[in-house]
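**Q** Show me how the following folds:
(chains A and B)
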Amino acid sequence: MTDEKVIEIINTAMVEEFELDPEKMVPEALLYEDLELDSLDRVDTVILLEKAFKFKIREEEAIREIRTLGDIHRFVIEKLRSLKA
Amino acid sequence: MTVAEGIRCERRGLSQTGGWGFWSALLMNLWVYPGLVLLTLFFIAFFPFLFPLTKRLTRWDTGRVVRFFIWCYGRGWIALCSPFVRFSREGFERVTIPRPCIFVVNHLSFFDIYCMALLPMSDAVFAVRSWPFKLFWYAPFMRLAEYLDLETIGWEGTLSAGKRILSRKSNLLFYPEGHRSRTGRLNRFHSGPFRLAVETGVPVVPLCLSGTEVLLPPGKWWMKPAAVRLAVLPPVDPRHFEGPLAHLELKKQVKGLMAEKLTEMRGHHGR
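**A** Coordinates of the predicted model:
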């Protein structure tokens, strides 16, 4: 799966589940401030990603460092690469 | 056209002719705002005497008694506005509201909270943002009524407080959009109320409110005569939704039902 495809899957899933404005789905968008996600959405994002990419990430420390949409993209791309390796 | 006819015309939601809209709105603002101040002072002055009496007579807990008084205050506001605003309820005769339940209602105006006195029951704990708690004349009553300050306690705190309230068979009321809609269309829904419903198995009762965006739009202080309607939809059972994202599915279904009903309600007014 290409990086572009991964980004597309993430953005589509988040737009659909959290009713986000597709125009706001830029990598630098802050999850709380720009996309107006709340703490529960953050938990749901993890479940959503696990469901979309069939991996387990809820115990990973790196999730706590995620601030922007671009951080999510990078995290998932790296995770998929590490699983492949 | 007389002033009374102009007001009646406004109340029917019809377009204004001959500038009566301005005069009826002026009369309304001169009547409702001072009336609301007097009503508030009356409740604050008599609450210390009426509260222990009501508590003794009903044997309700403090929160429930205060919620009853807040509901009465809302009914007072409705009576105050009624020469200029036509209030109506829909569906309450057909829908059986379970107890407890989680009400979710769309948000259009500052006065939406007051309109919840149109509900046929007084025992609903409101979950609201922080700013209403900063209104010093309301804050003590809101705290006594156990209203939830979403921004201060966060969603996790709201969920645990919500479970406690539901376990006592009191109802909860949320504005899932969080903010007033400035377009009349439903904004994004927060998932908190739906997660609470899934975790507790308590049904969600959607409420659709229309007309308050005409009465007092966001960011305005100038009230206008309007027709305010509160419709109740059949309860949605969260047990029909499964999986780790069941609450999001429940949210989508409830929002879809509300959007459909609101479109119908607005169509009815020709807006």
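
**Q** mind checking how far B:Asp149 is from B:Arg164?
**A** Between B:Asp149 and B:Arg164 the computed distance is 15 Å (Cβ to Cβ, to the nearest Å). Every residue, glycine included, has its C-beta placed from N, CA and C.

**Q** Check the burial of B:Ala259 by counting its neighbours.
**A** Counted with other Cβ atoms under 10 Å in any protein chain shown, the neighbours of B:Ala259 add up to 14.

**Q** ugh, wrong one, I meant B:Glu156
**A** B:Glu156: 12 neighbours (other Cβ under 10 Å).

**Q** and it, what element?
**A** helix B:150-167 (DSSP states H and E).

**Q** Would you mind pulling up the elements that that helix packs against?
**A** The helices and strands touching helix B:150-167, judged by 3 or more Cβ pairs under 8 Å, 6 or more residues apart in numbering or on different chains; DSSP states H and E, are helix A:39-53, strand B:124-128, strand B:148-149, strand B:171-174, helix B:192-200.

**Q** Put together a markdown table for the ones you listed, with distance to B:Arg185 and mean pLDDT on each row.
**A** Listed next are the helices and strands packed on helix B:150-167 as a markdown table, based on distance: least, Cβ to Cβ, whole Å; pLDDT from 0 to 100:
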| stretch | distance to B:Arg185 | mean pLDDT |
| --- | --- | --- |
| helix A:39-53 | 21 | 93 |
| strand B:124-128 | 21 | 96 |
| strand B:148-149 | 26 | 96 |
| strand B:171-174 | 18 | 98 |
| helix B:192-200 | 19 | 97 |
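
**Q** Any residue of stretch B:170-189 touching chain A?
**A** Yes: using Cβ under 8 Å from any Cβ of the partner chain, stretch B:170-189 reaches chain A at B:Arg188, B:Phe189.

**Q** can you give me the end-to-end distance of that stretch?
**A** Across stretch B:170-189, the terminal residues are separated by 23 Å (Cα to Cα, to the nearest Å).

**Q** go on, stretch B:92-112?
**A** End-to-end span of stretch B:92-112 (Cα to Cα): 18 Å.

**Q** Let me see the mean pLDDT of that stretch.
**A** The average pLDDT within stretch B:92-112 is 96.

**Q** how far is it from where the chain is centred?
**A** The chain centroid and the centroid of stretch B:92-112 are separated by 7 Å under Cα atoms, centre = their mean, to the nearest Å.

**Q** May I have the phi/psi pair for B:Leu207?
**A** Backbone torsions for B:Leu207, taken as degrees, to the nearest 10, come to phi -120, psi 140.

**Q** what is it paired to in the beta sheet?
**A** Counting by DSSP bridges, B:Leu207 forms beta bridges with B:Val105, B:Val232.

**Q** can you pull the contacts of the residue of the stretch 101-250 of chain B found nearest chain A?
**A** Closest contact between the stretch 101-250 of chain B and chain A, by Cβ to the nearest Cβ, is at B:Arg188 (4.3 Å). Listed by Cβ atoms under 8 Å, 6 or more residues apart in numbering or on different chains, the contact set of B:Arg188 reads A:Phe18, A:Glu19, A:Leu20, A:Glu36, B:Glu177.

**Q** 6 Å instead, please
**A** B:Arg188 sits next to A:Glu19 when contact means Cβ atoms under 6 Å, 6 or more residues apart in numbering or on different chains.

**Q** show me where chain A has helices.
**A** A:3-18, A:39-53, A:69-84 (DSSP state H).

**Q** most tightly surrounded among these?
**A** Using mean count of other Cβ atoms under 10 Å in any protein chain shown, the stretch among the helices of chain A with the largest mean neighbour count is helix A:39-53, at a mean of 18.

**Q** how about that one as CSV, C-alpha atoms only?
**A** This file holds the C-alpha atoms of helix A:39-53, laid out as CSV (Å, rounded to 0.1, in the frame of the first residue of the first chain):
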residue,chain,number,x,y,z
SER,A,39,-10.7,13.4,24.2
LEU,A,40,-13.3,10.7,23.3
ASP,A,41,-12.6,11.2,19.6
ARG,A,42,-9.0,10.5,20.3
VAL,A,43,-9.8,7.1,21.7
ASP,A,44,-12.1,6.4,18.8
THR,A,45,-9.4,7.4,16.3
VAL,A,46,-7.2,4.6,17.7
ILE,A,47,-10.0,2.1,17.3
LEU,A,48,-10.7,3.4,13.8
LEU,A,49,-7.1,3.0,12.8
GLU,A,50,-6.9,-0.5,14.3
LYS,A,51,-10.0,-1.4,12.3
ALA,A,52,-8.9,0.1,9.1
PHE,A,53,-5.3,-1.3,9.1
